[in-house]
Each structure stands twice: as structure tokens, then as C-alpha cells.
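>>> Could you work out the structure for the sequence below:
(one chain, ligands or ions: 1)
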Amino acid sequence: MVIILIAFGTLVIVSLLVSFNDLWRALFKIFFSEICNKIKSIFMSQTKEQRILDFVLQNATCGDPQSVLDNIDKYCRLKEWAMNVGDQKGLILDNIVKETDPSVVLELGTYCGYSSVRISRLLKPGARVFTVEMNSDYAAIAKKIIEFAGLKDKVQILEGSTSDIIPQLKKKFEVNTLDLVFVDHWKDKYKQDTQLLEKCSLLKRGSVVVADNVIVPGAPDFLEYVRTCGRYDCTNFPSFLEYMNEKDALERAIFRG
Ligand SMILES: C[S@@+](CC[C@H](N)C(=O)[O-])C[C@H]1O[C@@H](n2cnc3c(N)ncnc32)[C@H](O)[C@@H]1O
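Alright, predicted model coming up:
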């Protein structure tokens with residue numbers, strides 16, 4: 001009976017995956033893997049993010065950012081999916097960082113610090129990354145990962161919501177304007193926070209705004225805004241969703257001033 005139920009369940013899942021369009025199939029896969037990860041967390045009394053940190057501490061080389069990235073990618077590809085930008089889109093992000101050669105970077109959405117490590121390892125001396133995270137558990141994990149990678153002098157984690165922190169950047173954190181913004185928090189905030197950056201005069205001519213996950217989960221209102229408002233030159237970089245064989249993309253929007 002159990003075997004019949006498992007076979008039937010598998011058949012239903014497979015037929016759903018085949019019949020879904022790309023977006024729904026990817027979202028379903030994320031949802032399914034997150035449910036499995038949550039169940040694991042209940043049994044282990046430890047969150048997935050703590051398990052990622054433990055894997056890094058046990059396997060990566062202290063002070064070697066690339067080894068930290070490689071080990072996070074390895075864990076998330078082989079053991080538990082997680083919402084880092086990942087190695088494939090990460091290479092595109094690397095190229096954008098190298099081209100831009102920024103002095104001041106703002107990241108919206110730190111999570112475990114993967115992209116903060118990815119960006120900050122490429123920065124010139126004296127350049128810095130401000131990364132905003134509203135979840136204090138994630139911020140604590142990110143702090144340890146960034147320190148372990150040897151990048152704590154380049155990255156400042158700002159704990160709080162982007163809508164509260166962005167307006168404080170000039171006065172409280174002495175930011176004049178931003179050279180690069182990596183937008184990677186909740187997708188319904190992309191457009192609102194990009195407009196907030198403009199309103200707070202944090203963007204200058206040539207500021208580069210890069211947004212992750214513009215296909216999965218997708219940020220259609222942000223894409224429509226940056227592509228049609230006339231203030232940005234946009235380029236789409238097709239790639240794959242982190243640790244999955246599903247289409248995703250980064251959007252680069254360069255502010256015209
Ligand atoms: C996709 S993850 C970031 C991944 C990270 N950039 C990386 O690639 O390693 C999104 C993160 O944004 C945070 N977040 C979502 N909305 C936010 C907001 N309005 N303010 C601050 N953090 C937010 C979430 O808690 C989550 O940790």
C-alpha cells in the first residue's frame with residue numbers, strides 16, 4: 001500500500017513538473033526543497049543557514065574568499081538548496097563588479113553573506129560594501145562567514161529593513177553616492193527601493209544597479225520601470241537559477257543621471 005502511495009505521489013509530482021511552465025516549475029522545485037530543508041531543521045534543531053556556516057567552517061580555508069564561495073556552492077548544490085546568487089550568475093556579477101570597479105557598493109539582501117563575499121573579494125583597497133539584512137539570524141551567520149573569508153574590513157552589515165536604512169545612508173553612514181547596487185532582497189521591493197535610492201539622491205550618472213532573479217521568482221514591475229522610465233540603460237544577462245537547471249537572469253540598469 002505504502003509503495004503504491006509513493007509511486008502515485010511521484011507520478012503526480014512528475015506530471016505536475018512536466019505540465020508547469022518554466023516559472024511555476026522552478027517555484028515548485030524551490031518550495032519542495034525548502035519544505036524538505038525545514039523538516040530536516042526540525043529534526044536537527046538547527047537551521048539550514050547554520051548548517052551552511054558549519055560546512056564552511058569545517059571545509060573552507062580561513063582567509064580565502066574563493067574557498068568560502070566554493071564550499072557554499074558545493075553545499076547548496078549537493079545538500080540543501082539556498083537563495084545565494086550562486087556560482088553561475090555569480091560569474092556574471094563578478095564581471096559587472098570588475099567593469100564597474102566601484103568604491104561604494106550597496107547590497108539589498110545579505111542572507112548568509114555569499115554575494116557580499118563575492119563582491120568584496122574583487123574590490124580595490126579602500127572600497128566598501130554596505131549590505132542590508134532585516135533578519136537578525138541571517139545577519140549573524142553572514143557576519144561569521146564574511147569574517148572567516150577575511151573580508152570584515154570591506155563589508156559592513158546594516159541590520160534593518162531597506163526602507164528604513166536607505167534614507168539613513170547619507171547622514172548616518174556617510175555615503176555620498178553609490179557606484180554599484182546589488183538588488184537581491186524580496187522581489188516586490190525592487191521597484192520601490194530603486195525609486196527610494198533615486199529620491200534620496202544616492203544614484204549618480206553611471207551608477208550601476210544590478211538585480212538578481214528577474215525571471216524566477218521575477219520582478220516584472222521593476223523590469224518595466226527601469227526599461228521604460230527613460231532614466232536607465234538596461235541589459236539583460238540570461239543565466240540559470242542558483243543550483244538549478246532553470247532559466248533565470250540578472251538585469252543591469254545604468255542610471256543616466
Ligand atoms: C535572496 S536573499 C539574498 C541573497 C544574497 N544576496 C546572496 O546572493 O548571497 C534575500 C535576503 O533579503 C532579505 N530581505 C528581504 N527583504 C528585505 C528588506 N526589505 N530589507 C532587508 N532585508 C530584506 C531576506 O531576509 C533575505 O535574507
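
>>> and residue 235, what are its bridge partners?
residue 252 (DSSP bridges).

>>> Show me what counts as buried in the lengthiest helix in the chain.
For the chain, the helix with the greatest residue count under DSSP state H is helix 22-44. Residues of helix 22-44 classed as buried under the neighbour-count rule (16 or more other CB atoms under 10 Å) are 25-27, 29-30, 33, 37, 41. Backbone N, C-alpha and C define where each C-beta goes, glycine included.

>>> And stretch 47-57, by the same measure?
For stretch 47-57, burial by neighbour count (16+ other CB under 10 Å) applies to 47-53, 55-56.

>>> Closest one of these to the ligand?
Nearest to the ligand among the buried residues of stretch 47-57, counting by CB to the nearest ligand atom, is residue 49 at 8.9 Å.

>>> what packs against the next helix or strand after the longest helix of the chain?
Sequence order places helix 48-59 as the next helix or strand after helix 22-44, per DSSP states H and E. Contacts defined by 3 or more CB pairs under 8 Å, 6 or more residues apart in numbering; DSSP states H and E place helix 48-59 against helix 22-44, helix 65-78, helix 136-148.

>>> Now do stretch 115-123, average pLDDT.
Confidence over stretch 115-123 (mean pLDDT, whole number) is 98.

>>> For it, which outside residues touch it?
Defining contact as CB atoms under 8 Å, 6 or more residues apart in numbering, one finds that stretch 115-123 is touched by 65-66, 68-69, 84-85, 90, 93-94, 97-98, 102, 105, 107, 110, 128-129, 131, 142, 145-146, 149, 151, 154-155, 157, 180, 182, 184.

>>> which parts of it are buried?
115-123.

>>> Nearest to residue 242 among those?
For the buried residues of stretch 115-123, the residue nearest residue 242 by CB to CB is residue 115; the value is 10.4 Å.

>>> Could you check the helix or strand that closest one falls within against the ligand for contacts?
Using DSSP H and E, residue 115 falls within helix 114-120. Yes: shown here: helix 114-120 in contact with the ligand (CB under 6 Å from any ligand atom) through 114-115.

>>> distance between that helix and the chain's centre?
9 Å (CA atoms, centre = their mean, to the nearest Å).

>>> Stretch 199-210 too?
Here stretch 199-210 is found 19 Å from its chain centre; the criterion is CA atoms, centre = their mean.

>>> Ok, stretch 61-69 next?
18 Å.

>>> Enumerate the positions of that stretch that are buried.
If you call a residue buried by 16+ other CB under 10 Å, then stretch 61-69 has these buried ones: 65, 67-69.

>>> just to revisit the earlier point, mind giving me the packing neighbours of the longest helix of the chain?
Short answer (3+ CB pairs under 8 Å, 6+ apart): helix 22-44 packs on helix 2-19, helix 48-59, strand 247-255.

>>> which stretch in these is the model least sure about?
Least confidently modelled of the helices and strands packed on helix 22-44 is helix 2-19, at a mean of 65 by mean pLDDT.

>>> Kindly export the longest helix of the chain (C-alpha atoms) in PDB.
Extracted in PDB, the C-alpha atoms of helix 22-44 (Å, rounded to 0.1, in the frame of the first residue of the first chain):
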ATOM      1  CA  ASP A  22       9.200  27.300 -16.600                       C
ATOM      2  CA  LEU A  23       8.400  29.800 -13.800                       C
ATOM      3  CA  TRP A  24       6.000  27.500 -11.900                       C
ATOM      4  CA  ARG A  25       8.200  24.500 -12.300                       C
ATOM      5  CA  ALA A  26      11.100  26.400 -10.700                       C
ATOM      6  CA  LEU A  27       9.000  27.800  -7.900                       C
ATOM      7  CA  PHE A  28       7.600  24.400  -7.200                       C
ATOM      8  CA  LYS A  29      11.100  22.900  -7.000                       C
ATOM      9  CA  ILE A  30      12.200  25.700  -4.600                       C
ATOM     10  CA  PHE A  31       9.100  25.200  -2.500                       C
ATOM     11  CA  PHE A  32       9.600  21.400  -2.400                       C
ATOM     12  CA  SER A  33      13.300  21.700  -1.400                       C
ATOM     13  CA  GLU A  34      12.500  24.300   1.200                       C
ATOM     14  CA  ILE A  35       9.900  22.000   2.800                       C
ATOM     15  CA  CYS A  36      12.500  19.200   2.900                       C
ATOM     16  CA  ASN A  37      15.000  21.600   4.500                       C
ATOM     17  CA  LYS A  38      12.500  22.700   7.100                       C
ATOM     18  CA  ILE A  39      11.700  19.200   8.100                       C
ATOM     19  CA  LYS A  40      15.500  18.500   8.400                       C
ATOM     20  CA  SER A  41      15.800  21.600  10.600                       C
ATOM     21  CA  ILE A  42      13.100  20.300  13.000                       C
ATOM     22  CA  PHE A  43      14.900  17.000  13.400                       C
ATOM     23  CA  MET A  44      18.400  18.600  13.700                       C
END
